[in-house]
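**Q** Need the 3D shape of this:
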Amino acid sequence: MDTSSPQQPSARPASEESSAVFDDDWEEWDGKTPFWHHCVAGSLAGVAEHALVYPLDTVRTHIQVCAACIHNPSTTSSKLSNGLMGQSSVLQRAAASGASNNMGVWQAIRQLMNQPIALEGPASSSTLVTAEPTAAGISRLWRGVNSIIVGCIPAHALYFSSYELIKHATLDKDGHVTTYGSAMAGAVSAFSHDLVMGPLDTVKQRLQLGHYRGLTHAVSTMVANEGFVSLFRSFPVTLASNVPYGVIMVGTNEFLKDRWTESGEKLSLEVTLGASSIAGFAAAAATTPLDRIKTYLQTQQLTPACSVSATPKKNCPLTSSSSKMTHKPLVAGWKDAAVRIYETEGRAGFFRGMTPRILSHTPAVAISWTTYETAKQYLKTMDN
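**A** Model prediction:
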């Protein structure tokens, strides 16, 4: 993809003029584009990406947690003599019903939508509201989405801004994007993103499981019961997952765009969608084992049983507001989580939730990058 000479456009057929195109001189940062363009475009991309595929992310969290919760000592004996827990949600029973503890995407969606919800009572109480619960419906799939929307605006502004800065700083002498530059840009942008999103992702997953009344209640209860470290316990493994994810995703995206676009041609919408979709697929599949470890660290002893159990305190000790700083983490680090997953589920446990992860990340990356590129073009047009 030629980015060095935007002043020398090549002649194109009329049919190409009528197709959706992206202009190379704004698709690659020229060092003059206002910094706020990347911040605004990146924020819009983040909101679009996370909000549209959030239901699949909720499903992924439940599949990963429910496969492990049948081994959770806070909810069942280590021997699992009857294969089922005495106190369990429909999702947990589905996870435990088969020898391999597999649960399909559509099965999880149906059960989540039909799941009765009993939210926690006032923060000063250790009990739950016991009013007659009703089926959650489709809104259940978006529970906790506000935590991601709040965080993804600054996180994605940092992500895309650092991406552009690093990529521009590593162009070769002809002004072309380099492979090592794309990989470095992906790694740095992932680190910048995780500084903001890491703690909020922990809150998000717990809200997805049906815990807490909302974002502020979740943060205050976690800090009170588990300490401030509970928000950052998974940060090392989050980086270990997202840095290679960023390297694979950005590197693959830039490589395919360069391969599929002739020198001097405009970057088409079709190429942008295709390259980013494949990049998202490859990155999501390759980093699923690390993502599983991250989920294990972030959810700890919490299980979906809290939302339906008659005795939630037994199943969800970390959500009790009556005691503070008394609950040690089930697993304190990524090594402990990896060992526990391997011992209880085998190698297959590290790939639990791969299907919904791929199904969500493939369109998510396409949505994110297409929104980002389109927003940059629109902002530049408005400035001109």
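**Q** Can you give me the distance of F232 to R60?
**A** F232 is 22 Å from R60, where distance means Cβ to Cβ, to the nearest Å. The way it works is simple: take the backbone N, C-alpha and C, and place the C-beta from them, glycine included.
**Q** the more surrounded of these two?
**A** Remark: of F232 and R60, R60 carries more neighbours, 30 against 12, as counted by other Cβ atoms under 10 Å.
**Q** tell me the contacts of that one?
**A** 353, 356-357, 360 (Cβ atoms under 8 Å, 6 or more residues apart in numbering).
**Q** Counting neighbours, which of those end up buried?
**A** 353, 356-357, 360 (16 or more other Cβ atoms under 10 Å).
**Q** Serialize the residues you listed to TSV and add fields for pLDDT, secondary structure and distance to R110.
**A** Shown next, in TSV, are the buried ones among the contacts of R60 (pLDDT from 0 to 100; DSSP: H, G, I helix; E, B strand; the rest coil; distance: Cβ to Cβ, whole Å):
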residue	pLDDT	secondary structure	distance to R110
G353	91	coil	17
P356	93	helix	14
R357	94	helix	19
S360	91	helix	18
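**Q** Tabulate these in a markdown table, adding columns for distance to L297.
**A** Below are those laid out as a markdown table (distance: Cβ to Cβ, whole Å):
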| residue | distance to L297 |
| --- | --- |
| G353 | 15 |
| P356 | 19 |
| R357 | 17 |
| S360 | 20 |
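**Q** Return the member of those nearest to L52.
**A** Nearest to L52 among the buried ones among the contacts of R60 is S360, at 9.4 Å by Cβ to Cβ.
**Q** Quick one: neighbours of the nearest residue to the closest one once chain neighbours are set aside, just the number.
**A** Spatial nearest neighbour of S360, excluding adjacent residues (Cβ to Cβ, 6 or more residues apart in numbering): L56 at 3.7 Å. L56 has 23 neighbours, counted by other Cβ under 10 Å.
**Q** element containing L56, please.
**A** helix 35-69 (DSSP states H and E).
**Q** can you tell me the average pLDDT over that helix?
**A** The average pLDDT within helix 35-69 is 83.
**Q** Give the buried residues for that helix.
**A** Buried-residue list, helix 35-69, by 16+ other Cβ under 10 Å: 37-51, 53-69.
**Q** for stretch 208-218, same thing?
**A** Neighbour counts over stretch 208-218 (16+ other Cβ under 10 Å) mark 208-212, 215, 217-218 as buried.
**Q** Send me it as PDB with only the CA atoms.
**A** Extracted in PDB, the C-alpha atoms of stretch 208-218 (Å, rounded to 0.1, in the frame of the first residue of the first chain):
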ATOM      1  CA  GLN A 208     -22.300 -10.300  33.200                       C
ATOM      2  CA  LEU A 209     -22.600 -13.200  35.700                       C
ATOM      3  CA  GLY A 210     -25.500 -11.400  37.400                       C
ATOM      4  CA  HIS A 211     -23.600  -9.800  40.400                       C
ATOM      5  CA  TYR A 212     -24.000  -6.400  41.900                       C
ATOM      6  CA  ARG A 213     -26.600  -3.700  41.100                       C
ATOM      7  CA  GLY A 214     -24.400  -1.700  38.700                       C
ATOM      8  CA  LEU A 215     -21.000  -0.300  38.000                       C
ATOM      9  CA  THR A 216     -20.400   1.900  41.000                       C
ATOM     10  CA  HIS A 217     -21.800  -0.800  43.400                       C
ATOM     11  CA  ALA A 218     -19.500  -3.400  41.800                       C
END
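**Q** follow-up on the earlier one: and of the buried ones among the contacts of R60, the nearest to E270?
**A** Closest to E270 out of the buried ones among the contacts of R60 is S360 (21.9 Å), distances taken as Cβ to Cβ.
**Q** Lowest mean pLDDT among the helices and strands of the protein, which one is it?
**A** Lowest by mean pLDDT, DSSP states H and E among the helices and strands of the chain is helix 24-27, with a mean of 35.
**Q** ranges for the helices of this protein?
**A** For the chain, helices defined by DSSP state H occupy the ranges 14-17, 24-27, 35-69, 90-96, 105-113, 145-169, 179-208, 215-226, 235-260, 269-286, 288-299, 312-315, 334-345, 354-383.
**Q** Next, the angle from the fifth one to helix 179-208.
**A** Angle, helix 105-113 to helix 179-208, by axes from the mean of the first three to the mean of the last three Cα atoms, to 10 degrees: 40 degrees.
**Q** and what of the third one?
**A** Going by the same axes, to 10 degrees, helix 35-69 is angled at 60 degrees with respect to helix 179-208.
**Q** how deep is N114 tucked in, by neighbour count?
**A** Neighbourhood size, N114 [other Cβ under 10 Å]: 12.
**Q** for V331, same thing?
**A** 18.
**Q** One more: D174?
**A** Around D174 there are 9 residues (other Cβ under 10 Å).
**Q** confidence score at it?
**A** 81.
**Q** List the beta-bridge partners for L267.
**A** Taking DSSP bridges as the rule, L267 bridges to F22.
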